[in-house]
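Student: next comes the sequence, and after it the predicted model I'd like to discuss.
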Amino acid sequence: MAQPTRPGQSTIETPGKIAVTLTVNGARTQLEVAPWTTLLDALRDHLDLTGTKKGCDHGQCGACTVLVDGRRINSCLTLAVMKDGASVTTIEGLAADGGLHPLQQAFIDHDAFQCGYCTPGQICSAVGLIAEGRAKTADEIRELMSGNICRCGAYPNILAAIQQVMGRS
Amino acid sequence: MINFHYARATDIADAIRQIAADPAAKFIAGGTNLIDLMKENVERPTRLIDISRLPLKAVDETSQGGLRIGALVPNSDLAYDPLVERRYPMLCSAILAGASQQLRNMASTGGNLLQRTRCCYFYDTATPCNKRKPGSGCSAVGGLNRMHAILGASDACIATHPSDMCVALAALDAEVHVVGPVGERTIRFTEFHRLPDDAPHRDTNLAADEIVTAIELPARGFAANYSYLKIRDRLSYAFALVSVAVGLELEGGTIREARIALGGVAHKPWRDPAAEASLRGKAADATTFAQAAHLYLREAKGYAHNSFKINLARRAIVRAMTQAARGTPQSQSHKQIR
C-alpha cells in the first residue's frame, strides 16, 4: 500500500487494518477494515450486502440508511471501526421466515417507488420511525422522513405505505 | 477518503493526552460533519481519536435548578428527553428544526457546537477561503453569498454558523464545560463561538487540546412563552436563511425578561443584550416587537445576493415574538407559520 502523504507534511506510517466484530442481520461477523472504511462500504464491499445503497455519500439523501442498535443512521457517515460490537440491520435482514416485512409489503401495495434506488433506505428509515413512536400525523411522518430523498417523487405513496403499517390507512 | 490512523480514548484524561501528543489529530464523536469534510478533503487529520464511548451521555439536574447535558448525548435523545421537553421546549424545537432524524441520531451535543460553516467556498478546495486556508482570501464577499452573514462579518469572512440547536442554547444563556491539560473551565455560550474578524479559521474559543464535556442550562427555561422560527428554502432538511429563538417572561401584558437569538445571519448565534434590555417593562405588543426587530438589525449589512435577509430577519423576529407572547410556538412538523 502507498504511504499516505499530505502536502506540507512528512510521510506517516501506513495505518493498518483493524479487526471489527459486527452482528449483521442477526449473524455475528468478523472483518478487517482500514480505519477510513465507512459502515456503508463495509456492508457493500466486505460483506456483499448491496441492498444498502450509496447515493450522495454525504448524508444528504438517506439511501444508505440502516439500523444500528435499533436506531436509523446514515451508514455513509459512520466509520465501521467505531461500530465494533454493534448490531446492524439492513434491508436484507427485515424479511423473516420467508415472508416480507410489513413495510416491504406495504411499499408494494402502494407502489411506493419508481426506480427503487432509495427504497431500501426509505424502508429502513420507516422501521426506525415506527420504533421511535414520535410520528402520529401525516405531517409528522413527512417531517421525520425528510432525511430520505426520492427523486422519482413517490412521496405520497411512501406516506401511504407507512400509514398502512402504522394502522391508520 | 484520505488515510488516517484510528485510536480509541479510554477516558477523558486519555483523550486529552492523545490530542496533546498529535497536533494533526482530531476527536471524532458523531462524525456527521467531520467525515463529510474529510471526504471533501477540507479536513485532513492524520489521526482520529474516537471519544464516542466516553461516559458523557447523561442529562442530570443541577443543584441550581438547571440541567447538565453530557457532551455525547445524541441530538435526538436530547430533543426527546422528558425533562428538556417540559422545561426547555425551545431547545427541543430548535434541535428538531435541524438536519434529519438519521443525523440527529448520530450527532452529539458537543459536536453540534463544533460544526463548521456550510459556506460553499469553504467546501470547494479549488477556491480561496480564509477559513480553510488563512490568508488565501474570501471568495464569498464578491461571489455567491445568498446564504451568508448580514451581522458581525469581516472583510476576511462572511460565513455563517449552521447550527439550529446553538441558537436556542445562546438564547437560554447556556454554559459550556470543557477540560484541557490544565484542568476544567467554563465558557459562557455567547463567548464560545467567535466572530470572524481577521482570524476566521478559528470558529470557537476552545483550545486545540481541550474537550467539551457538558452543556449546562440555567433554571430559566421560558417554557410558557417561546418560539423557534426557521425560514429556509425547503420546508424541511435545509439550513436556515434566518432563524429566531425567542423566550419571553411576561407579567400580564408586560415583558419582564426577553431573549432573542438569531441563526443563519452571523458567524455565531447572534444576541444583542442592549436590545433585549430595552424590552424590559414594555408592553408585549406589535409596536414593541417592531422596535426590537429594528434594534437587532440596526447594524446589518447585506452583500450582492443576501440583502433580502435583513427585512426577512426583522419580520421573523416580529413573528416569533408574537408566537411566543401568544403561547403558540412554531410547530416543526405542521409547517404553516401563524
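Tutor: Sure, I can see it. Numbering: from 1, shown residues only, chains lettered A, B, ... in the order given.

Student: how about A:Pro35, nearest residue that isn't a chain neighbour?
Tutor: B:Tyr6 (3.6 Å; C-beta to C-beta, 6 or more residues apart in numbering or on different chains). The way it works is simple: take the backbone N, C-alpha and C, and place the C-beta from them, glycine included.

Student: what's the neighbour count on that neighbour?
Tutor: Using other C-beta atoms under 10 Å in any protein chain shown, B:Tyr6 is surrounded by 19 other residues.

Student: show me what contacts it?
Tutor: A:15, A:18, A:35, A:79, A:81, B:47-48, B:50 (C-beta atoms under 8 Å, 6 or more residues apart in numbering or on different chains).

Student: now B:Arg256
Tutor: B:249-250, B:280-281.

Student: narrow those to those in strands?
Tutor: B:249-250 (DSSP state E).

Student: buried subset of the contacts of B:Arg256 as a PyMOL selection?
Tutor: To isolate the buried ones among the contacts of B:Arg256 in PyMOL, judged by 16 or more other C-beta atoms under 10 Å in any protein chain shown, type:
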select buried, chain B and resi 250
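
Student: export the contacts of B:Tyr6 to TSV and tack on pLDDT and neighbour count?
Tutor: Formatted as TSV, these follow (pLDDT from 0 to 100; neighbours: other C-beta atoms under 10 Å in any protein chain shown):
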residue	pLDDT	neighbour count
A:Pro15	81	17
A:Ile18	97	17
A:Pro35	97	21
A:Leu79	98	29
A:Val81	98	22
B:Arg47	97	19
B:Leu48	98	24
B:Asp50	98	21
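
Student: quick one: buried residues of stretch B:101-119?
Tutor: Quick answer for stretch B:101-119 (16+ other C-beta under 10 Å): B:101-117, B:119.

Student: what of stretch B:55-73?
Tutor: B:56-57, B:59, B:66-73.

Student: need the residues of the stretch 101-250 of chain B near chain A, please.
Tutor: Counting by C-beta under 8 Å from any C-beta of the partner chain, the stretch 101-250 of chain B comes close to chain A at B:101-103, B:105-106, B:236-237.

Student: next, count neighbours for the closest residue to chain B within chain A.
Tutor: At 2.4 Å from chain B, A:Gly147 is the closest residue in chain A, using C-beta to the nearest C-beta. Neighbours of A:Gly147 under the rule other C-beta under 10 Å: 25.

Student: got a list of what it touches?
Tutor: By C-beta under 8 Å, 6+ apart, A:Gly147 lies in contact with A:62, A:65, A:74, A:125, B:99-103, B:237.

Student: of those residues, which belong to strands?
Tutor: Going by DSSP E, the strands hold A:65, A:74 from the contacts of A:Gly147.

Student: returning to what we had before: pull up the pairing partners for the helix or strand encompassing the residue nearest to A:Pro35, direction included.
Tutor: According to DSSP states H and E, B:Tyr6 maps onto strand B:5-8. Strand B:5-8 has the following sheet partners, assigned by DSSP bridges: strand B:47-50 (parallel).

Student: quick one: residues in contact with the helix or strand just after the partner strand.
Tutor: Downstream of strand B:47-50, the first helix or strand assigned by DSSP H and E is strand B:59-61. Residues from elsewhere that reach strand B:59-61, judged by C-beta under 8 Å, 6+ apart: B:67-70, B:73, B:77-78, B:81, B:83-84.

Student: which of the residues you listed sit farthest apart?
Tutor: Greatest spacing in those, by C-beta to C-beta: B:Arg68 and B:Asp77 (14.4 Å).

Student: pull the CA atoms of stretch B:305-319 into CSV?
Tutor: C-alpha atoms of stretch B:305-319 as CSV (Å, rounded to 0.1, in the frame of the first residue of the first chain):
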residue,chain,number,x,y,z
HIS,B,305,-27.2,38.3,-3.0
ASN,B,306,-28.4,38.4,0.6
SER,B,307,-29.7,41.9,1.4
PHE,B,308,-33.2,40.3,1.4
LYS,B,309,-32.2,38.7,4.7
ILE,B,310,-32.3,42.0,6.6
ASN,B,311,-36.0,42.5,6.2
LEU,B,312,-36.6,38.8,6.4
ALA,B,313,-34.9,38.8,9.8
ARG,B,314,-36.9,41.8,11.0
ARG,B,315,-40.2,40.1,10.1
ALA,B,316,-39.1,36.8,11.5
ILE,B,317,-38.3,38.5,14.8
VAL,B,318,-41.7,40.1,15.0
ARG,B,319,-43.5,36.8,14.0
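
Student: quick check, nearest of the buried residues of stretch B:55-73 to B:Arg185?
Tutor: Nearest member of the buried residues of stretch B:55-73 to B:Arg185, counting by C-beta to C-beta, is B:Ala71, at 14.3 Å.

Student: which ones are touching the closest one?
Tutor: Neighbours of B:Ala71 in contact, by C-beta under 8 Å, 6+ apart: B:29, B:56, B:108-111, B:211-215.

Student: so which of the residues you listed are in helices?
Tutor: B:109-111 (DSSP state H).

Student: save those as CSV, and put in pLDDT too.
Tutor: Output for these, formatted as CSV (pLDDT from 0 to 100):
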residue, pLDDT
B:Thr109, 98
B:Gly110, 98
B:Gly111, 98
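
Student: nearest to chain A among those?
Tutor: B:Gly111 (11.8 Å).

Student: how near is the closest one to B:Asn75?
Tutor: In this view, B:Gly111 and B:Asn75 are 9 Å apart by C-beta to C-beta, to the nearest Å.

Student: so who does the closest residue to chain A within chain B touch?
Tutor: In chain B, the residue that lies nearest chain A is B:Ser100 (2.4 Å; C-beta to the nearest C-beta). Listed by C-beta under 8 Å, 6+ apart, the contact partners of B:Ser100 are A:62, A:146-148, B:237.

Student: again, 7 Å this time
Tutor: A:62, A:146-147, B:237 (C-beta atoms under 7 Å, 6 or more residues apart in numbering or on different chains).

Student: name the member of these with the most neighbours.
Tutor: Neighbour-wise, these (other C-beta under 10 Å) top out at A:Gly62, 28 neighbours.

Student: which one is that residue nearest to, not counting chain neighbours?
Tutor: A:Gly62's closest residue in space is A:Asn148 (C-beta to C-beta, 6+ apart), at 3.5 Å.

Student: so B:Ala140 makes contact with B:Cys119?
Tutor: Yes: if you go by C-beta atoms under 7 Å, B:Ala140 and B:Cys119 touch, sitting 5.8 Å apart.

Student: residues shared between the contacts of those two?
Tutor: Joint contacts of B:Ala140 and B:Cys119 (C-beta under 7 Å, 6+ apart) are B:148, B:159.

Student: now do the same contact list for the residue lying closest to B:Ser154 once chain neighbours are set aside.
Tutor: Nearest residue to B:Ser154 in three dimensions, chain neighbours excluded: B:Pro196, at 4.7 Å (C-beta to C-beta, 6+ apart). Residues in contact with B:Pro196 (C-beta under 7 Å, 6+ apart) are B:153-154, B:156-157, B:159, B:267.

Student: okay, and which of the contacts of A:Gly147 map to helices?
Tutor: Judged by DSSP H, the contacts of A:Gly147 include A:125, B:101-103 as members of helices.

Student: before we move on, back to that, average pLDDT for the strand holding B:Tyr6?
Tutor: Mean pLDDT, computed over strand B:5-8, is 97.
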